[in-house]
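Enquirer: Need coordinates for the following:
(chains A and B)
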Amino acid sequence: MAYVAIADRDDPHAMHHPKSFVTRYIWSQDHKVIAIQYSLIAIAVGLVALVLSGMMRLQLGFPDTFSFIDPADYYQFITMHGMIMVIYLLTALLLGGFGNYLIPLMVGARDMVFPYMNMLSVWVYLLAVIVLMASFFVPGGPTGAGWTLYPPQAILEGTPGASWGIILMLVSLAIFIVAFTMGGLNYVTTVLQARCRGMTLMRMPLSVWGIFMATVLGLLAFPALFVSAVMMTLDSLIGTSFFMPAIVSLGETESYDGGSPILFQHLFWFFGHPEVYIVALPAFGIVSDLLSTHARKNIFGYRMMVWAILAIGGLSFVVWAHHMYVSGMNPYFGFFFATTTLIIAVPTAIKVYNWVLTLWRGDIHLTVPMLFSIGFIFTFVHGGLTGLFLGNVVVDVPLSDTYFVVGHFHMVMGVSPILVIFGAIYHWFPKITGRMYNDSMGKLHFWLTLLGTYSIYLPMHYLGILGVPRRYFAMGTTDFIPDSAQAMNAGITVSAIIVAVVQIVFIVNMAWSVFKGKKSGGNPWRATTLEWQTPQTPPEHGNWGEKLPVVYRWAYDYSVPGAKEDFIPQNEPPEAGVIAGREHGVEHS
Amino acid sequence: MANELPGHGGDAALNDGLGGVVTDWSGDKQTFPVPWGKAMMWIFLLSDTFIFGSFLTSYMTVRMTTTVPWPNASEVFALTIAGNHVPLLLIAIMTFVLITSSGTMALAVNYGYRRDKKKTAMLMLATAILGATFVGMQAFEWTKLIVEEGVRPWGNPMGAPQFGSTFFMITGFHGLHVSAGVVYLLVVARRVMNGFYDRKGTYETVEVTGLYWHFVDLVWVFIFAFFYLW
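Expert: Next up, the predicted model:
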């Protein structure tokens, strides 16, 4: 008898369904449970980072007011806020959370290809989070080196957390990378090898494409971070000099000699720039599906959307040094990286045009997921355009290390993916729980979050052009910054506090709706993709019951002329008299 | 019609050139005609390549940035046998052992596909022993460097401190890979012996193990070239 892997078996009884509470909800190998575990851990640690940002804003908005924030605390807040948000929240939630939940369901598989490894992934991730959180309780506190952890300052005395905090940070990152690799190998292999019959790559929903490409980027970019974490740990613990040149620090000559701090910057940004797209590509993909579903219209230019995802992924590996224009590198180097950086705007712009054209003359339903998706288009265009400024060497050099940069990257990789994440949570909440969220609370949450974040980050661009430097504990008095900048800072802080508090609405809505929400039914959005066609809602272990689905069409057959309904599920066989839908531009006759 | 599985548009499948390649790859099937475990191992090895690539690039960078002269590798790694000074002798033997182990591994894969349980397990065991020998010789080399030559990760008497740092870090990381591979080989060899793969119906795991083992050998070739010959 030929061996048939679990996800290919039609008979679900071969899957050894878990019986006890512990194997079902704790040591679970079900991708859906793992996804929820990943998401809850990520959201919990993200709330910590949200509180940290609130503390930073209190200090910036009202300096000399809060005696419990001293400069060292401030740097620790900045560092932990940045690292948690980028790695432990966004990466983990988009890939570990949405990737785990959506990939098997959307490609018609019973589970990830290696469920046991998938389970290990989430528990190792939890270990990474615990190590990171432990740094709040060690002598000296967490590291305050800035989220980029640049040496030599990151491990020299005088930087907060230079003894224990930085080590725990680096160890936690290394553990995270192990966890990510175990999950990521699963995601990539599942997409490539475990699709159900009929699900060609060019019929996959864009969500899967985005998550897939982001995972590939992660598998190739995280190694550079892993290596730099190992090397900096050695520098700090046993006194090697990989990144450490000869230094006189606090009047004393350090024992380091001959290392290269710039090497760290190259390694870090070789990871760091693809990381931007590890966060952005899943958001791109998910928002495409949300827009198409809630505008009842096929995604505009599906084929181009896929190629744009691939092109962005490829290009993201050759733009890293645009983070290092002020490191004193060769001007020709800067010229090269400015060119590649501006080229990456082309596929990105294609995506934006296609989103807008998907909305154009669509039957737009202003549901909560749709509102968040449209909000994303605004914030992303905004953040993308300021990226064009910063990609040019001559414009970047004066703006570097000002609030312009803070405004830019929060718009493009903070607010934008977060809006998509909220939209996606509202969109898939009925599938995950079988219940509907409260619509009014969702809309309140959207408007306050969108307007609130805009009033945080838009003024920051202006502050940056004024010359207000980032990472300063307090501005004091200067000649070149008018006093009114402080009034603006206070205003930003008020908005930030409001936005932070508004998230309670979201949490209450979710917590209440899980138990008390209206029953949603299996396909409340009348969507075409496979996850909405499962026999049960929420899908049971094994996803598909007796028979695996068979796919006959692409994921975007909305409002097909002549069809009975305004959507045709992917697993619906073709029917006489109905045009089979336009499969990404190929007319079927 | 309903039972017919519409693959990717029929006309497109006939395309020649790049379009045809894309259509074929993205078709209604597994993208690569290999078992899942093998596909996953290839992807993992690609990721691991980036780890060793970053390590070796970093090594080259610090070798260029340090202002202190780099020690002469063929002198440092020389052995004196019966009064004769032989440069790189130990490393030559280590490399020979590791490359030989790739040969026994390849034979093991071959016998695995012939379902010859005993020969497969024996050859895997031989591979593991050769791997363990390599790690043992590496331990000898490290001991000699640390105890006799006074090389430390943070400094050494011969020249640039980065020599010791990069050497211990990169060969150590590679040694960990070899050690993990030895354990992996022993586990799979045991399963070969107790008939696990006969029951499973395929010996593909032997080949997947082999992929990992050949990769570790290949990495050694690069480490050898960059560290000892440069």
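
Enquirer: just checking, what's the longest helix in chain B?
Expert: In chain B, with assignment by DSSP state H, the single longest helix is helix B:161-193.

Enquirer: after it comes which helix or strand?
Expert: helix B:196-200 (DSSP states H and E).

Enquirer: With chain A in mind, check whether the longest helix of chain B reaches it.
Expert: Yes: using CB under 8 Å from any CB of the partner chain, helix B:161-193 reaches chain A at B:Pro161, B:Gln162, B:Ser165, B:Thr166, B:Met169, B:Phe173. Backbone N, C-alpha and C define where each C-beta goes, glycine included.

Enquirer: Please dump those residues into CSV; it should also carry distance to A:Ala35 and neighbour count for every row.
Expert: Output for those, formatted as CSV (distance: CB to CB, whole Å; neighbours: other CB atoms under 10 Å in any protein chain shown):
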residue, distance to A:Ala35, neighbour count
B:Pro161, 47, 25
B:Gln162, 44, 30
B:Ser165, 41, 29
B:Thr166, 40, 25
B:Met169, 36, 21
B:Phe173, 32, 16
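
Enquirer: Can you lay out these as JSON lines showing pLDDT?
Expert: Below are those laid out as JSON lines (pLDDT from 0 to 100):
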{"residue": "B:Pro161", "pLDDT": "92"}
{"residue": "B:Gln162", "pLDDT": "93"}
{"residue": "B:Ser165", "pLDDT": "94"}
{"residue": "B:Thr166", "pLDDT": "94"}
{"residue": "B:Met169", "pLDDT": "96"}
{"residue": "B:Phe173", "pLDDT": "96"}
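
Enquirer: and which of the residues you listed is nearest to chain A?
Expert: B:Ser165 (3.9 Å; CB to the nearest CB).

Enquirer: how near is the residue nearest to A:Thr537 when sequence neighbours are not counted to A:Glu531?
Expert: Closest residue to A:Thr537 apart from its sequence neighbours, by CB to CB, 6 or more residues apart in numbering or on different chains: A:Gly522 at 4.3 Å. Distance check for A:Gly522 against A:Glu531: by CB to CB, to the nearest Å, it reads 10 Å.

Enquirer: what's the answer for A:Leu371, then?
Expert: Distance of A:Leu371 to A:Glu531, computed by CB to CB: 22 Å.

Enquirer: try A:Val415
Expert: Taking CB to CB, one finds A:Val415 at 27 Å from A:Glu531.

Enquirer: Ok, B:Met64 next?
Expert: Taken as CB to CB, the span from B:Met64 to A:Glu531 is 52 Å.

Enquirer: More neighbours: which of the two?
Expert: A:Glu531 (24 against 11; other CB atoms under 10 Å in any protein chain shown).

Enquirer: Isn't the more buried one up against A:Trp544?
Expert: No: using CB atoms under 8 Å, A:Glu531 is not in contact with A:Trp544, being 10.6 Å away.

Enquirer: Outline the domain layout of chain B.
Expert: B:1-31, B:34-229 (automatic domain parsing).

Enquirer: next one: the longest one to chain centre, how far?
Expert: Between the mean C-alpha location of domain B:34-229 and the chain-wide mean there is a distance of 6 Å, by CA atoms, centre = their mean, to the nearest Å.

Enquirer: sec struct for A:Ser255, please.
Expert: coil (DSSP: H, G, I helix; E, B strand; the rest coil).

Enquirer: Output stretch A:222-238 as CSV - backbone C-alpha positions only.
Expert: Extracted as CSV, the C-alpha positions of stretch A:222-238 are listed here (Å, rounded to 0.1, in the frame of the first residue of the first chain):
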residue,chain,number,x,y,z
PHE,A,222,16.1,35.8,9.2
PRO,A,223,19.4,33.9,8.8
ALA,A,224,21.2,37.2,8.6
LEU,A,225,19.6,38.3,11.9
PHE,A,226,20.4,35.0,13.4
VAL,A,227,24.0,35.3,12.5
SER,A,228,24.3,38.8,13.8
ALA,A,229,22.5,37.8,17.0
VAL,A,230,25.1,35.0,17.5
MET,A,231,28.0,37.3,16.8
MET,A,232,26.8,40.1,19.0
THR,A,233,26.1,37.7,21.9
LEU,A,234,29.7,36.4,21.5
ASP,A,235,31.0,40.0,21.5
SER,A,236,29.1,40.8,24.6
LEU,A,237,29.6,37.6,26.6
ILE,A,238,33.1,36.4,25.8
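
Enquirer: Show residues contacting it.
Expert: A:149, A:151, A:154-155, A:162, A:166-167, A:170-171, A:173-174, A:177, A:180-181, A:240-244, A:256, A:259, A:264, A:267-268, A:270-272, B:47-48, B:50-51, B:53-55, B:58, B:153-154, B:165, B:169, B:173 (CB atoms under 8 Å, 6 or more residues apart in numbering or on different chains).

Enquirer: redo that, cut-off 6 Å
Expert: Contacting residues not belonging to stretch A:222-238 are listed as A:155, A:170, A:173-174, A:177, A:240, A:242-244, A:264, A:267-268, A:270-271, B:50-51, B:54-55, B:153 [CB atoms under 6 Å, 6 or more residues apart in numbering or on different chains].

Enquirer: Check which residues of stretch A:128-135 are buried.
Expert: Residues A:Ala128, A:Val129, A:Val131, A:Leu132, A:Met133, A:Ser135 are the ones in stretch A:128-135 that count as buried (16 or more other CB atoms under 10 Å in any protein chain shown).

Enquirer: I figured A:Pro205 was touching A:Thr528, is that so?
Expert: No: using CB atoms under 6 Å, A:Pro205 makes no contact with A:Thr528, being 8.6 Å away.

Enquirer: circling back: helix, strand or coil: sort out the residue nearest to A:Thr537 for me.
Expert: Strictly by three-state DSSP, A:Gly522 counts as coil.

Enquirer: Kindly provide the distance from it to A:Val381.
Expert: A:Gly522 is 35 Å from A:Val381, by CB to CB.

Enquirer: cool, A:Ile103 as well?
Expert: Taking CB to CB, one finds A:Ile103 at 28 Å from A:Val381.

Enquirer: So these two - more neighbours on which side?
Expert: Ranked by neighbour count (other CB under 10 Å), A:Ile103 and A:Val381 place A:Ile103 first, with 29 against 17.

Enquirer: Name all residues that make contact with A:Ile309.
Expert: Per CB under 6 Å, 6+ apart, neighbours of A:Ile309: A:Trp209, A:Gly210, A:Met213, A:Leu281.

Enquirer: ok, now with 7 Å
Expert: A:Trp209, A:Gly210, A:Met213, A:Leu281, A:Phe284, A:Gly285 (CB atoms under 7 Å, 6 or more residues apart in numbering or on different chains).

Enquirer: Where does it sit, in terms of helix or strand?
Expert: Going by DSSP H and E, A:Ile309 is in helix A:302-315.

Enquirer: confidence score at B:Lys117?
Expert: For B:Lys117, the model assigns a pLDDT of 92.
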